[in-house]
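Undergrad: coordinates for the following, if possible.
(chains A and B)
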Amino acid sequence: MQFDERAKVFVADTLRRKLSTAVKDPKTFESWLTQVFSDPENPEAMRLATCMAFDLHLENMEPVLISMMVEVFENMSPELVHDPNLAFARAVENANRKCSLMTSIMRKHTGSETSDSFVRVLRLQAFINYYAGPLYGYTVDAADLKEVRQLYFSSDTTLEDITKAWSGRYDIVWVCSFQQFQDVLNNMNDPASFLNDALGLGFTSDALGNIPELVAILYPLGHPSESYQPRSLHADWDSMNFFVPYWDEDGWGRTQSCSGEKDKSKMKERIHKAYETGLSSEYRGQYLGPVSSVVSDRDALYQTTTSHFFRVYGVEGNDR
Amino acid sequence: MKIPPLDGSSELWTEWLGACLAGRVGRHDLGLSRDEELHEGIIRLYREMPVEHRYKLESAISILLGSIPQLESNADQFFWLLQAIAVIKPVQAHATLRRLLAEGVVGTYEFAGRSLQTTLLVVTAKYPVDDWLTDVLWKEARDTHDFARLIICFRCLSYRMDNTCFGMLDILVRHLDSEAAAAQLSRQLLGVIDRLRCRGLREWYLAHIDRLSEYSTEIQERLNKLLHDVLRRVNSKDDNALLLLSELTMRRTGSLDPERLVEIAEMEGRLGSTVPETLRRFQDWSFKTHGTPLWEVQRVDPCQYKGGVDYLIADRKGYKAKALVSSSQWPIIKLLGNSLPADTLPKRYA
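TA: Alright, predicted model coming up:
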């Protein structure tokens, strides 16, 4: 799929206008930008640039976001620029070590719904990587997978023993709305497969070649006290994510579903900072089950991204 | 840097894996999805390689494990390699793992919320746990002040698939100074028992009953509670689990009704103990604890009660007395009824 030519112009214009004078190394920034627009075979780079331009265009944007984006380009390796998404992802990692990505959050979008709590939906392997592994040293080999499944997800269990956790390379945790999660459990025949699609997870097989299994961590109401609407800087641009920027004032993000089906792309997501002290007995683990295969529609994702950008940029897109 | 072709040389694969660990290969090139980590991409790649080419990646992993400079800034590279080794288990990597454990340099680093020393222990224990590793695990357990590391040593030792790991409970119990620690030991004990069953745990408990009083009341209570929780969740067909649960129940409540006592004696009978031994032990304990037995085991006068009854258990009120019948081979215990005629009871209860 080719991105809308007008979008390319507007995106390039936005990024140059907002960032080129601010970055200390305009040469790396320019060569990154050139690489983004020069490779028609790499729409993922264009999607990244479009999402960034979207954020930069939002009204009432806090200057701290620009500062963080500038920081990212300060940490970009010129040797990696040939792969814009890889270069950007590594630069975000480096910048995050110096200055937490969470400082780039636009506080205006932190509105919370106090009647709702959070749920983290993740693969069993990810539960090991982020929770059971840091504490007990579990790995993702088949025996450990079996043991962790048995110990944590053979019945509903509380997670008070998880006194240590890891939140990945960006120190960010993505969570969804408990109310929506509950609706899915109550109304869907195969909630694991639905969530795999709707949350833009898109898992088809695990590293060992088995069908991925999803589990959930159910948060107590009011925890954590601070959570935010995700922005482009918080997505992992070095993997096949389905992030699309979202503007709604409700303070939630909306990751696109893998299939691109609109009714599935309404799952609300927020992010919160990494926990420093692990979980408690108020957190519960729940087994969701294996997922059936999902067909990913990247074209639909590119289309939604462009359309969202046009909306904040104030022009009519072709698809509207 | 693109993934090498399958017919690429081992050197090319080593160079590529080095670049991959150093972050110069895109995660998307490895097909990683959201929430997937680098080692999962390496494992997937290995699995998808034709078997006859896998040695190249095994060799690359082993070479890099032994040749990456032991610098803290390389902690992430060691971590990803170790995680991949836990699954792929290249034979050539085993000696290097032991060397790294013995040197103790990489072990001082941390990455992904984990100490690399515990990661090294866990990954080395994915290979057979021999006497050398057993000694390392015991030394770690004795030296560490980190309860999580101690628990990991316990689990790794259980991979020997004998009951020696239960000996480490002596050290673990000393560190049961918080509810979180109790919850962690409880969780890991379940996993170990799932592998080894309960005989070792019960034997450890019975051998240490007298020494448990040396610990604080809080620790004793935590241990009792966590053992209760664990035993309730294990497979109910494990006789040793039931026996230990009964023993704990008795110690906790200070009483065991005759019916439960008969069950225990029956189970112990199946496990080789004789009924009189079992009954006598419980009676002695009851006497020691309460000054007076809560129930009494009596050898029955054959003239007093017909039908092959050998023993009676009577509680202090008498009306819940039970009769036991023995077979010729070993005692098989059968409940004959909830109450017996008054004239079959010892006189003091009648």
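
Undergrad: pretty sure residue B:89 contacts residue B:127?
TA: Yes - using C-beta atoms under 8 Å, residue B:89 is in contact with residue B:127, at 6.6 Å. All C-beta spots, glycine's among them, are computed from the backbone N, C-alpha and C.

Undergrad: now stretch B:33-53 - C-alpha only, CSV.
TA: Extracted in CSV, the C-alpha atoms of stretch B:33-53 (Å, rounded to 0.1, in the frame of the first residue of the first chain):
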residue,chain,number,x,y,z
SER,B,33,5.6,-9.0,17.8
ARG,B,34,4.6,-6.6,20.5
ASP,B,35,5.7,-7.9,23.9
GLU,B,36,8.1,-10.5,22.4
GLU,B,37,11.7,-10.3,23.5
LEU,B,38,14.9,-10.9,21.6
HIS,B,39,15.6,-14.4,22.9
GLU,B,40,12.2,-15.5,21.6
GLY,B,41,13.2,-14.4,18.1
ILE,B,42,16.5,-16.4,18.4
ILE,B,43,14.7,-19.4,19.6
ARG,B,44,12.1,-19.1,16.8
LEU,B,45,14.8,-18.8,14.2
TYR,B,46,16.5,-21.9,15.6
ARG,B,47,13.3,-23.9,15.6
GLU,B,48,12.5,-23.0,12.0
MET,B,49,16.0,-23.9,10.7
PRO,B,50,16.3,-27.3,9.1
VAL,B,51,17.8,-29.7,11.7
GLU,B,52,21.0,-30.2,9.7
HIS,B,53,21.8,-26.5,9.9
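
Undergrad: does chain A sit close to it?
TA: Yes - judged by C-beta under 8 Å from any C-beta of the partner chain, stretch B:33-53 and chain A are in contact via B:33-37, B:39-41, B:43-44, B:47-48.

Undergrad: which one in those is the model shakiest on?
TA: Least confident by pLDDT among these: that is residue B:34, with 80.

Undergrad: am I right that residue A:214 sits in a strand?
TA: Yes - if the criterion is DSSP: H, G, I helix; E, B strand; the rest coil, then residue A:214 is within a strand.

Undergrad: got the contact list for it?
TA: A:121-124, A:192, A:195-196, A:201, A:203, A:288-291 (C-beta atoms under 8 Å, 6 or more residues apart in numbering or on different chains).

Undergrad: export those to JSON lines and tack on pLDDT and distance to residue A:133?
TA: Formatted as JSON lines, these follow (pLDDT from 0 to 100; distance: C-beta to C-beta, whole Å):
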{"residue": "A:121", "pLDDT": "97", "distance to residue A:133": "18"}
{"residue": "A:122", "pLDDT": "96", "distance to residue A:133": "13"}
{"residue": "A:123", "pLDDT": "96", "distance to residue A:133": "13"}
{"residue": "A:124", "pLDDT": "96", "distance to residue A:133": "12"}
{"residue": "A:192", "pLDDT": "96", "distance to residue A:133": "22"}
{"residue": "A:195", "pLDDT": "95", "distance to residue A:133": "22"}
{"residue": "A:196", "pLDDT": "95", "distance to residue A:133": "22"}
{"residue": "A:201", "pLDDT": "92", "distance to residue A:133": "19"}
{"residue": "A:203", "pLDDT": "91", "distance to residue A:133": "18"}
{"residue": "A:288", "pLDDT": "96", "distance to residue A:133": "20"}
{"residue": "A:289", "pLDDT": "96", "distance to residue A:133": "22"}
{"residue": "A:290", "pLDDT": "96", "distance to residue A:133": "21"}
{"residue": "A:291", "pLDDT": "95", "distance to residue A:133": "21"}
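
Undergrad: what residues does the helix or strand hosting residue B:134 touch?
TA: Counting by DSSP states H and E, the element that carries residue B:134 is helix B:131-143. Under the contact criterion C-beta under 8 Å, 6+ apart, helix B:131-143 has outside partners B:98, B:101-102, B:117, B:121, B:124-125, B:129, B:149-150, B:153-154, B:156-157, B:160, B:164, B:168, B:171.

Undergrad: could you redo the last one with a cut-off of 10 Å?
TA: B:97-98, B:101-102, B:107, B:117-118, B:120-121, B:124-125, B:127, B:129, B:146, B:149-157, B:159-160, B:164-165, B:167-168, B:170-172 (C-beta atoms under 10 Å, 6 or more residues apart in numbering or on different chains).

Undergrad: list, out of those, those positioned next to chain A.
TA: Residues shared between these and the neighbourhood of chain A are B:117-118, B:120-121, B:125, B:149, B:151-153, B:155-156, B:159 [C-beta under 10 Å from any C-beta of the partner chain].

Undergrad: out of those residues, which is most surrounded?
TA: Neighbour tally across these (other C-beta atoms under 10 Å in any protein chain shown): the maximum, 28 neighbours, falls on residue B:152.

Undergrad: how close does it sit to residue A:93?
TA: 28 Å (C-beta to C-beta, to the nearest Å).

Undergrad: for residue A:33, give me its contacts.
TA: Residue A:33 neighbours (C-beta under 10 Å, 6+ apart): A:11-12, A:15-16, A:19-20, A:26, A:45, A:49, A:73, A:81, A:84.

Undergrad: okay, buried residues for the host helix or strand of it please.
TA: Using DSSP H and E, residue A:33 sits within helix A:26-38. Going by neighbour count (16 or more other C-beta atoms under 10 Å in any protein chain shown), the buried part of helix A:26-38 is A:28-29, A:31-33, A:35-37.

Undergrad: repeat for stretch A:306-316
TA: Within stretch A:306-316, the residues scored as buried using 16+ other C-beta under 10 Å are A:306-310, A:312-313.

Undergrad: centre of the chain to it, how far?
TA: 21 Å (C-alpha atoms, centre = their mean, to the nearest Å).

Undergrad: pLDDT (mean, whole number) over that stretch?
TA: 83.

Undergrad: could you export that stretch as PDB, CA atoms only?
TA: Output of stretch A:306-316 as PDB, limited to C-alpha atoms (Å, rounded to 0.1, in the frame of the first residue of the first chain):
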ATOM      1  CA  THR A 306      -3.400   8.700   7.600                       C
ATOM      2  CA  SER A 307      -7.000   9.500   8.300                       C
ATOM      3  CA  HIS A 308      -6.300  10.300  11.900                       C
ATOM      4  CA  PHE A 309      -3.400  12.500  10.900                       C
ATOM      5  CA  PHE A 310      -5.600  14.400   8.300                       C
ATOM      6  CA  ARG A 311      -8.100  15.000  11.000                       C
ATOM      7  CA  VAL A 312      -5.700  16.800  13.300                       C
ATOM      8  CA  TYR A 313      -4.000  18.400  10.400                       C
ATOM      9  CA  GLY A 314      -7.300  19.800   9.300                       C
ATOM     10  CA  VAL A 315      -7.600  18.400   5.800                       C
ATOM     11  CA  GLU A 316     -10.000  16.000   4.200                       C
END
